[in-house]
Structures are given as C-alpha cells and as structure tokens.
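Engineer: model the structure of this input:
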Amino acid sequence: MAQDHRRLRGPEDSQPPEVWAGAAGVPEEEEDEEEEDAAGAPRDPCALQPLFAQAGVLSQSEGSAYVELRGGTKVLCSAWGPREAAEPGAAAAEGQLLCEFRRAPFAGRGARGRPGAEAAAEREAAAAVREALGPAVRLERYPRARLTVSAVLLQDGGSALAAAVTAAALALADAGVEMYDVAVGCGLCRAPGPAGPWLLQPGEAEERRAVAHLTVALLPALNQVSAVLGSGQGGPPDAWAQALRLGLDGCHRLYPVLRDSLLQATRRRDAAAARRRDAAAADAATTA
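Structural biologist: Have a look, this model is predicted:
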C-alpha cells in the first residue's frame, strides 16, 4: 500500500492538553505574585528609577538618543534637520517641529489593542512630545525649515511618555539644533484609595492601578515648565500642586545624567573626527 510521505507522522505516545496547561500557567502566576509584591511593598513616593541615557547611538541620523529606565522602559529616538520645508506656504517667521511616536508591537505585555485605538494613542503621544519640546527649540533660527523627531517605544515599563520626551530632547541636542535647554520629562501617578499618594516615575503595574496620571516637562537651566499633561482623579487642587512640585524635583535630579550623556557623545564624536584626520594625514604622507 502506497504511503503519503508528505504528511508528518505524529508521536507514538500522546498526552492530554491538561498536562501542559499547568506548566503554561506558571509565568502568569509568577507575574501575579510580582504584582502583588509590588503592590504590598512599601514605596517611597520620591524615589526615582535609575535612568540610563546615551546620545549619538545611531549613525544613520543626524542626532539620536537612547533612554532606559530600570522599570523596563526603553525608548530610541532619532532627529533630522534642519531641512527645507516641503510645504510651499510654510511660515517664514520660524521653522516647523514635527514629532512622531511609534509603539513597537512587542513593547507591552498581553494582547495588542485595536489598530485604530493604537494609532490614536500614538498620535496623542506625538502631540504631547511636540508640546513639551516646542518651548525648548529655537524655531525662529530655522525659517522655512523643518525639524523631525521620531521616537520608538521598544518596551513599556512605565513612564513611557516622560522617557520619550527626554529622549527626543537629547536627540535634538545631539543633532546640533539650537535649544534654550534640554527638556526633561518625569511621570507620576496617583495610587488608588482616598488618601493615595502620588508616585514618582511609576512602573507599568503601578500605572495600570492608578486613578490619575501626570507628566511634567521642565527646562531645568531656565527653571521653566514646558508642558504639564494630566488626567484622572487627582483629588483636590492641593494634591495636584504637590504632584507638580514632586515632578519638578524629579526633573532637576535627572538633569545631570542627561548633561553627562551629551558630554560623552561630544567627546566620542571629537575622538572619531581626530582619528579620521590622522588617517587622512597618514594616507596623504604615504601617497607623497
């Protein structure tokens, strides 16, 4: 009898799916335990997540930056410009700042939302980044020009919008764009409960349980607030004022990290230029 060699043979011994259901559910149980531990552990409202920032990480763009928080948030940002505006009727008084925000398909845990809802959320985040960077960039120095910033959220571990604002400002500064100061973003959320405190730089689990959210962008050298974005039930006005003061303090504490990252990027760029000059001089001497 002829056999069908195109068909894959199954295992000789089979087991019911219930045997593997327990093993498959272990990670979810561990995640639930981690969330319960995070919820029950004492949390210092003023504690900042350790931040890693590096400028000049991409060679294909004129400016770039990478920002990572200890909670797991990772943002990669690129900047281009100034370039001539494509619109013929662009205003001559000042340039245009275009911001783009994209969320990687693997950025968050669980199933993805509807494409339309995700696109709307990305447009809203891009508008928020544009609002935070607008007061920092000297657009009047670039008439009839366009500056473009693109931020990609690689992993969402909480305070993603604040990290995107910081990464976008670093990328613009790395591109040599004239700015009044580097905008620093800091996120907050209010824990549930009648007397729930405001938490500085919350994680993803804390943001999901929160009843209110706040993102603050600050120009530390000028001590000027560039954007305040809030939503939810934050309690009385005094509670919002306390959250704003807490966010401004967090921005001031993060500023030295960003300044050091720009200095290191400048030193790396100068060292690379010096090596290229030495190599060109050596080639010229060899040819002569």
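Engineer: determine the three-state secondary structure at G235.
Structural biologist: coil (DSSP: H, G, I helix; E, B strand; the rest coil).
Engineer: how about it: what's its closest non-neighbour residue?
Structural biologist: Nearest residue to G235 in three dimensions, chain neighbours excluded: R190, at 7.2 Å (C-beta to C-beta, 6 or more residues apart in numbering). Yep, even glycine has a C-beta here, placed from its N, CA and C like the rest.
Engineer: can you check Q155 too?
Structural biologist: In space, Q155 is closest to K74, 4.3 Å off (C-beta to C-beta, 6+ apart).
Engineer: how about the residue nearest to G235: which residues does it bridge to?
Structural biologist: For R190, the beta-bridge partners are W198, A212 (DSSP bridges).
Engineer: helices and strands of this structure: which one has the lowest mean pLDDT?
Structural biologist: helix 26-40 (a mean of 46; mean pLDDT, DSSP states H and E).
Engineer: how about the helices in the chain?
Structural biologist: Using DSSP state H, the helices of the chain run over 18-24, 26-40, 115-133, 160-174, 204-209, 237-287.
Engineer: make a markdown table out of these and add distance to E94 and mean neighbour count.
Structural biologist: Shown next, in a markdown table, are those (distance: least, C-beta to C-beta, whole Å; neighbours: other C-beta atoms under 10 Å):
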| stretch | distance to E94 | mean neighbour count |
| --- | --- | --- |
| helix 18-24 | 56 | 9 |
| helix 26-40 | 45 | 11 |
| helix 115-133 | 14 | 17 |
| helix 160-174 | 15 | 29 |
| helix 204-209 | 35 | 17 |
| helix 237-287 | 24 | 14 |
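Engineer: I'd like to know which of those helices is closest to P82.
Structural biologist: Among the helices of the chain, the nearest to P82 by C-beta to C-beta is helix 160-174 (10.7 Å).
Engineer: centroid residue for this structure?
Structural biologist: A164 (2.8 Å; C-alpha atoms, centre = their mean).
Engineer: distance check, P192 against G232.
Structural biologist: 10 Å (C-beta to C-beta, to the nearest Å).
Engineer: oh sorry, the question was meant for A53
Structural biologist: 28 Å.
Engineer: quick check: neighbours shared by P192 and G232?
Structural biologist: Here P192 and G232 have 210-211 as joint contacts, going by C-beta atoms under 8 Å, 6 or more residues apart in numbering.
Engineer: quick one: low-confidence ranges for the stretch 101-250 of the chain?
Structural biologist: Where the stretch 101-250 of the chain drops to pLDDT under 70, the residues are 110-115, 234.
Engineer: let's see it at 80
Structural biologist: Within the stretch 101-250 of the chain, the segments meeting pLDDT under 80 span 108-117, 193-196, 233-236.
Engineer: contacts for stretch 96-110?
Structural biologist: The contact list for stretch 96-110, computed with C-beta under 8 Å, 6+ apart, reads 31, 85, 90, 112, 118, 121-123, 125-127, 129-130, 133-134, 137, 139, 145-156, 164, 168, 204.
Engineer: check the offset of that stretch from the chain's centre.
Structural biologist: Relative to the centre of its chain, stretch 96-110 is centred 9 Å away, using C-alpha atoms, centre = their mean, to the nearest Å.
Engineer: export that stretch to CSV, keeping only CA atoms.
Structural biologist: This file holds the C-alpha atoms of stretch 96-110, laid out as CSV (Å, rounded to 0.1, in the frame of the first residue of the first chain):
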residue,chain,number,x,y,z
GLN,A,96,8.4,73.6,11.9
LEU,A,97,8.9,70.8,14.5
LEU,A,98,7.4,67.5,13.5
CYS,A,99,7.2,64.8,16.1
GLU,A,100,6.4,61.1,15.6
PHE,A,101,5.8,58.5,18.2
ARG,A,102,5.5,54.8,17.5
ARG,A,103,5.0,51.9,19.7
ALA,A,104,6.7,48.6,18.8
PRO,A,105,4.4,45.6,18.5
PHE,A,106,6.3,43.8,21.3
ALA,A,107,6.5,46.9,23.6
GLY,A,108,3.8,45.8,26.1
ARG,A,109,2.6,42.7,27.7
GLY,A,110,-0.6,41.0,26.8
